[in-house]
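Student: what's the 3D shape of this:
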Amino acid sequence: MEPLLAALFGFLLGSIPFGLILTRAAGLGDVRQIGSGSIGATNVLRTGNKGLAAATVLLDAAKAVIPVLVARAFWPGSEGIAGVAAVAGHCFTPWLRFKGGKGFASAAGALAALAWPAMLACAAIWGMTLFLSRISSVSSLVAVIAAPVVVWAMGFPQVIPPLIAIAAIVVVQHRANIGRLMRGEEPRVGSSGKP
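Tutor: Okay, the predicted model is just below:
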């Protein structure tokens, strides 16, 4: 029952669509009607409100951090399941017909709670990749795919399986971005177009 409880709690908390809630509360309408149609921070930024975008990043990360910490306290050994479920809840929220965000901020939150030193290393990888490519989706994909390797190298082998699952979810959510990258159509940071 413990893994099931961890998964249920993680999924329900992860499913809260903070990007949509914040933009509607601020009178900016439905964030799904602009840009990529995602409820994540990158799309919230397209409203022009940097504060809301920052708040979305923090809340989307927190809704993965909290389930992992709760699982560690009440259902030890189920932390990874809670983290994967939180990312899945964000990406496939039942409140929005199982559509949601692309999962990167929640993935970062799960990694921070599972192995925070590895999260710092992955943040550095993300930042360097963004600096070199100037493409948000590339930096997100590289960081999330690198995470299982990073945790292995840093001595956290127990979190490799959940991070592989999280990486798979995030890659699936970026399939449109991958298609644009292959066609050379993915916009760079600061340009107009879909993320």
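Student: what packs against the helix or strand bottoming out on mean pLDDT in the chain?
Tutor: Of all helical and strand segments in the chain, the minimum by mean pLDDT, DSSP states H and E falls on helix 41-45, at a mean of 87. In terms of contacts (3 or more C-beta pairs under 8 Å, 6 or more residues apart in numbering; DSSP states H and E), helix 41-45 is packed against helix 18-25, helix 50-74. Just so you know, the C-beta spots here come from the backbone N, C-alpha and C atoms, and that holds for glycine as well.
Student: now the ones you listed in JSON lines, please, with extra columns for distance to Ser136, mean neighbour count and mean pLDDT.
Tutor: Formatted as JSON lines, these follow (distance: least, C-beta to C-beta, whole Å; neighbours: other C-beta atoms under 10 Å; pLDDT from 0 to 100):
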{"stretch": "helix 18-25", "distance to Ser136": "15", "mean neighbour count": "20", "mean pLDDT": "93"}
{"stretch": "helix 50-74", "distance to Ser136": "12", "mean neighbour count": "20", "mean pLDDT": "96"}
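Student: out of the ones you listed, which is closest to Ser139?
Tutor: helix 50-74 (13.9 Å; C-beta to C-beta).
Student: quick check: next helix or strand after that closest one?
Tutor: With elements assigned by DSSP states H and E, the helix or strand that comes after helix 50-74 is helix 79-91.
Student: pLDDT wise, what is the closest residue to Thr23 other than its chain neighbours at?
Tutor: Nearest residue to Thr23, sequence neighbours excluded (C-beta to C-beta, 6 or more residues apart in numbering): Val31, at 4.4 Å. Listed pLDDT for Val31 reads 89.
Student: and for Val31, the neighbour number?
Tutor: Close neighbours of Val31, defined as other C-beta atoms under 10 Å, add up to 27.
Student: quick one: it from Leu52, how far?
Tutor: 9 Å (C-beta to C-beta, to the nearest Å).
Student: also Ala6?
Tutor: Note on Ala6: its distance to Leu52, by C-beta to C-beta, is 30 Å.
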